[in-house]
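S.K.: The following block contains a protein sequence and its predicted model.
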Amino acid sequence: MAYHSFLLEPISCHAWNKDRTQIALCPNNHEVHIYRKDGSKWSKVHELKEHNGQVTGIDWAPESNRLVTCGTDRNAYVWTLKGNVWKPTLVILRINRAARCVKWSPKENKFAVGSGSRLISICYFEQENDWWVCKHIKKPIRSTVLSLDWHPNNVLLAAGSCDFKCRIFSAYIKEVEERPSPTPWGSKMPFGELMFESSSSCGWVHSICFSASGTRVAWVSHDSTLCLADANKKMALVAAVSLGWGHGVDGALGAGRKVLSRAVPQGHDCCPMLFTYEESQGTLTFGGKLDVPKQSSQRGLTARERFQNLDKKASSDTTNASLETLHKNSIRHGPGGERVEGRAWLGHPGVLVPGHPLAVLVSGPGAGAVLVHPQVSLDLPVHGQISVLAGGKANCSQFCTTGMDGGMSIWDVKSLESALKDLKIK
């Protein structure tokens with residue numbers, strides 16, 4: 001494991017370039033900073049300042065080397081590197097609420113933006129007029145879209161939203177692609193066609209992801225539930241597990257036969273945890289913590305430390321005075337950060353990650369109590385993210401986390417396997 005602290009501010013979202021030598025991140029404001037790795041050090045090489053509101057999503061297309069960003073200003077920008085300068089192109093999303101998440105398609109000829117306008121904008125470049133245009137997927141979405149993930153065929157799009165639903169839509173754009181072949185999710189795929197819809201849960205769907213093959217989809221929701229559906233089993237819900245941490249789940253990563261996800265429950269530490277999916281039995285079981293805190297001797301708190309604890313963690317408990325985990329605050333990918341009576345509101349999007357026998361990676365914050373209210377506006381900042389660093393979804397060997405502590409951690413899967421006796425990642 002490697003850890004680097006970029007900022008004092010939380011890292012809202014991030015994206016890597018193709019060769020993983022540069023990372024684009026948002027320091028919890030309207031800017032995007034690009035850092036380049038020079039040996040063991042990271043140096044800031046670019047600052048992108050086109051948004052007028054909080055940047056809520058970043059994605060970096062590996063082949064075309066284009067960045068796409070979205071934000072609470074209800075706009076998206078496609079950034080192209082010309083010489084040594086990133087040039088922005090405005091994309092009019094035609095929405096009246098904040099954009100919440102953005103994702104390039106696998107072929108990089110279009111991208112999807114989820115928003116608080118209860119719709120998904122599918123954006124593509126129109127050669128004749130030399131601009132970006134978009135089409136909307138609206139029905140039957142009834143609330144803010146929090147997370148997106150593309151199927152490997154470049155057509156199907158999975159979406160999780162605040163109406164407690166996971167859905168799969170067809171995002172077929174006849175202007176830029178050929179007619180798609182049939183899939184286990186269905187054969188007729190006109191634009192906007194609903195291919196799959198989960199039954200209602202009791203929480204916002206914070207994160208969603210297809211497997212590397214595209215036959216499975218997994219998602220996590222705010223009621224601390226992780227679910228998985230398999231198209232080869234008549235789209236049945238083949239696994240669902242309650243994480244048992246009260247309310248507050250954020251993020252999921254998954255692929256192939258493994259799912260990595262992050263949970264942000266109330267009053268838990270900041271280390272990832274592993275869950276394994278048994279396909280034959282259709283069950284998810286707890287595998288172990290991936291970042292076991294080091295034991296340290298306890299000491300009393302000074303009056304200053306006690307008040308700092310009350311402000312930062314909403315608790316004066318001496319046992320929570322310091323965190324020995326790699327991250328010192330939540331590993332999250334979702335809206336949050338609003339201070340309400342000394343407590344932080346957590347929640348929102350994410351991504352699905354790696355792939356080995358379907359395993360699930362979860363993490364929680366040690367930053368005290370979490371204030372969650374179903375009527376709180378979702379047009380809030382986002383904090384933290386997990387992304388695949390090496391190996392892709394099919395065979396993840398490294399993954400990266402960023403959090404509210406302004407730091408980035410790189411996790412090596414094989415090192416984690418050797419560190420945990422009972423953990424085997426195939």
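M.R.: Everything's here; your move.

S.K.: name the element the residue lying closest to E197 once chain neighbours are set aside belongs to?
M.R.: Closest residue to E197 apart from its sequence neighbours, by CB to CB, 6 or more residues apart in numbering: R167 at 4.9 Å. For every residue, glycine as well, the C-beta is placed using N, CA and C. In the assignment (DSSP states H and E), R167 maps to strand 166-170.

S.K.: swap in E108?
M.R.: Per DSSP H and E: E108 is located in neither a helix nor a strand.

S.K.: Would you enumerate the residues in contact with it?
M.R.: Taking CB atoms under 8 Å, 6 or more residues apart in numbering, we find E108 in contact with A61, P62, E63, S64, R66.

S.K.: switch the cut-off to 10 Å
M.R.: By CB atoms under 10 Å, 6 or more residues apart in numbering, the contact set of E108 is D59, A61, P62, E63, S64, N65, R66, V68, N154.

S.K.: Give me the pLDDT value at the residue nearest to E197.
M.R.: pLDDT, R167: 95.

S.K.: right, and it touches P140 too?
M.R.: Yes: taking contacts as CB atoms under 10 Å, R167 lies within contact range of P140: 7.9 Å.

S.K.: what touches both of these two?
M.R.: Counting by CB under 10 Å, 6+ apart, the residues touching both R167 and P140 are L194, E197.

S.K.: quick one on the thing from earlier: got a quick ChimeraX command for the buried subset of the contacts of E108?
M.R.: This is the ChimeraX syntax for the buried subset of the contacts of E108, where burial follows 16 or more other CB atoms under 10 Å:
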select :59,61,66,68,154
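
S.K.: which of the contacts of E108 lies closest to V205?
M.R.: Nearest to V205 among those, counting by CB to CB, is D59 at 19.2 Å.

S.K.: is it fair to say that closest one lies in a strand?
M.R.: Yes: the assignment for D59 by DSSP: H, G, I helix; E, B strand; the rest coil puts it in a strand.

S.K.: how close does it get to V102?
M.R.: Using CB to CB, to the nearest Å, D59 is found at 5 Å from V102.

S.K.: got any residues that touch both of these two?
M.R.: When CB under 10 Å, 6+ apart defines a contact, the residues bordering D59 and V102 alike are C13, A15, L67, V68, T69, C70, F111, A112, V113, L148.

S.K.: ok, back up a step: can you tell me which helices and strands the strand holding R167 packs against?
M.R.: strand 120-126, strand 131-137, strand 145-150, strand 156-161, strand 194-197, strand 205-210, strand 216-221, strand 225-230 (3 or more CB pairs under 10 Å, 6 or more residues apart in numbering; DSSP states H and E).

S.K.: That one: partners in the sheet, and parallel or antiparallel?
M.R.: Strand 166-170 sits in its sheet next to strand 156-161 (antiparallel), strand 194-197 (antiparallel), going by DSSP bridges.

S.K.: Average pLDDT for the longest one, rounded please.
M.R.: Pointing back at strand 156-161 there. Averaging the model's pLDDT scores along strand 156-161 yields 96.

S.K.: That one versus strand 145-150: what angle between them?
M.R.: Inter-element angle recorded for strand 156-161 and strand 145-150: 160 degrees (by axes from the mean of the first three to the mean of the last three CA atoms, to 10 degrees).

S.K.: So T72 sits against G116, correct?
M.R.: Yes: using CB under 10 Å, T72 makes contact with G116 at a distance of 8.9 Å.

S.K.: can you give me the mean pLDDT across stretch 45-64?
M.R.: On average, the pLDDT along stretch 45-64 is 96.

S.K.: so which helix or strand takes in N154?
M.R.: Using DSSP H and E, no helix or strand contains N154.

S.K.: gap between it and E178?
M.R.: Distance of N154 to E178, given as CB to CB: 10 Å.

S.K.: Also F191?
M.R.: The spacing between F191 and E178, counted by CB to CB, is 14 Å.

S.K.: Widest-spaced pair of the contacts of E108?
M.R.: Largest pairwise distance in these, by CB to CB, is 18.6 Å, between N65 and N154.

S.K.: Tell me how many other residues surround S121.
M.R.: 25 (other CB atoms under 10 Å).

S.K.: partners of it in the sheet?
M.R.: Taking DSSP bridges as the rule, S121 bridges to V113, H136.

S.K.: still on that earlier bit, and R167 and P140? Which one has more around it.
M.R.: Using other CB under 10 Å, the more surrounded residue of R167 and P140 is R167, with 24 against 10.

S.K.: OK, contacts around that one?
M.R.: Applying CB under 10 Å, 6+ apart, the residues near R167 are 120, 137, 140-141, 145, 157-161, 194-198, 205, 208, 217, 219.

S.K.: Give me the buried subset of the residues you listed.
M.R.: Among those, those classed as buried by 16+ other CB under 10 Å are 120, 137, 141, 145, 157-161, 195-196, 198, 205, 208, 217, 219.

S.K.: of all those, which two lie farthest apart?
M.R.: Distance extremes for the buried ones among the contacts of R167: the farthest pair is I137 and W219 at 17.5 Å, using CB to CB.

S.K.: Let me know how buried R74 is, in neighbour terms.
M.R.: Other residues near R74 come to 21 when the count uses other CB under 10 Å.

S.K.: Next one: it relative to K139, how far apart?
M.R.: Distance of R74 to K139, given as CB to CB: 21 Å.

S.K.: gap between the spatially closest residue to W150 that is not a sequence neighbour and D130?
M.R.: Leaving aside its sequence neighbours, W150 sits nearest to S105 (CB to CB, 6+ apart; 5.1 Å). Note on S105: its distance to D130, by CB to CB, is 20 Å.

S.K.: Can you tell me how far the nearest residue to E108 once chain neighbours are set aside is from Q54?
M.R.: Excluding the flanking residues, the one nearest E108 by CB to CB, 6+ apart is A61, at 4.4 Å. Taking CB to CB as the measure, A61 falls 22 Å from Q54.

S.K.: before we move on, what about G71?
M.R.: Distance from G71 to Q54, by CB to CB: 6 Å.

S.K.: list residues touching both of these two?
M.R.: Common neighbours of G71 and Q54 are listed as S12, C26, N29, H30, A98 (criterion: CB under 10 Å, 6+ apart).

S.K.: and the last one, how many residues sit next to it?
M.R.: By the criterion of other CB under 10 Å, A98 has 22 neighbours.

S.K.: so what's the backbone phi/psi at it?
M.R.: Here is the backbone geometry of A98 (degrees, to the nearest 10): phi -60, psi 140.

S.K.: Show me which of the shared contacts of D59 and V102 is closest to W42.
M.R.: For these, the closest approach to W42 (CB to CB) belongs to A15, at 14.9 Å.

S.K.: Quick check, pLDDT for that closest one.
M.R.: Per-residue pLDDT puts A15 at 94.
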